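# Got a predicted structure plus its sequence, pasted below:
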Amino acid sequence: MAKNMKPIEKERKSLSNGSLLKEKKVTYKECRKNHAASKGLYAVDGCCEFMAAGEEGTSSALRCAACSCHRNFHRREVESHHFCDCSSISTTTPK
């Protein structure tokens, strides 16, 4: 798994004709921290993608290894997929 990705989150909802499975993959892209804000200017460091500085679950996992910024300064991108588990749908017709 790439260092910039969180584990895939899964959410299951029951429907009358099956269940809907929703998966979300979260990635963090370019850094948006304004390093010149104190001078009234705008300048970013050019970091293109978040790379965790440590293992998942540690405080250093929230820091970028490339630019040392917190993960919140990086643009968050969520990719969602919806799946229908229709294995429980009845295929018999009522009499």
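Received the coordinates, thanks. Residues are numbered from 1 along each chain as shown.

# drop to CA atoms for contacts and neighbour counts, all remaining ones
Will do.

# low-confidence ranges in this protein?
Scanning the chain with the threshold set as pLDDT under 70 gives 1-20, 85-95.

# and the longest strand for it?
Assignment by DSSP state E gives strand 18-31 as the longest strand of the chain.

# Any chance you could list what contacts the next helix or strand after that strand?
Toward the C-terminus, strand 18-31 is succeeded by strand 74-85 as the next helix or strand (DSSP states H and E). Residues outside strand 74-85 that contact it (CA atoms under 8 Å, 6 or more residues apart in numbering): 18-33, 49-50.

# Stretch 61-73 too?
Here stretch 61-73 has contacts from 28, 31-33, 45, 47, 50-55, using CA under 8 Å, 6+ apart.

# Rebuild those as CSV, extending it with distance to Phe83.
Formatted as CSV, those follow (distance: CA to CA, whole Å):
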residue, distance to Phe83
Tyr28, 24
Cys31, 32
Arg32, 33
Lys33, 36
Asp45, 39
Cys47, 34
Phe50, 28
Met51, 29
Ala52, 30
Ala53, 33
Gly54, 33
Glu55, 30
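
# top of those residues by neighbour count?
Each of the contacts of stretch 61-73 was scored for neighbours by other CA atoms under 10 Å, and Phe50 scores highest at 29 neighbours.

# measure it to Cys69 for me?
Distance of Phe50 to Cys69, given as CA to CA, to the nearest Å: 9 Å.

# Common neighbours of those two, please.
In terms of CA under 8 Å, 6+ apart, Phe50 and Cys69 are both contacted by the residues Cys31.

# Tell me the buried residues in the longest strand of the chain?
Buried residues in strand 18-31, defined by neighbour count with 16 or more other CA atoms under 10 Å: 19-20, 22-24, 26-31.

# Redo these as a markdown table? Include distance to Ser80.
Shown next, in a markdown table, are those (distance: CA to CA, whole Å):
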| residue | distance to Ser80 |
| --- | --- |
| Ser19 | 16 |
| Leu20 | 13 |
| Lys22 | 7 |
| Glu23 | 6 |
| Lys24 | 4 |
| Val26 | 9 |
| Thr27 | 12 |
| Tyr28 | 15 |
| Lys29 | 16 |
| Glu30 | 20 |
| Cys31 | 22 |
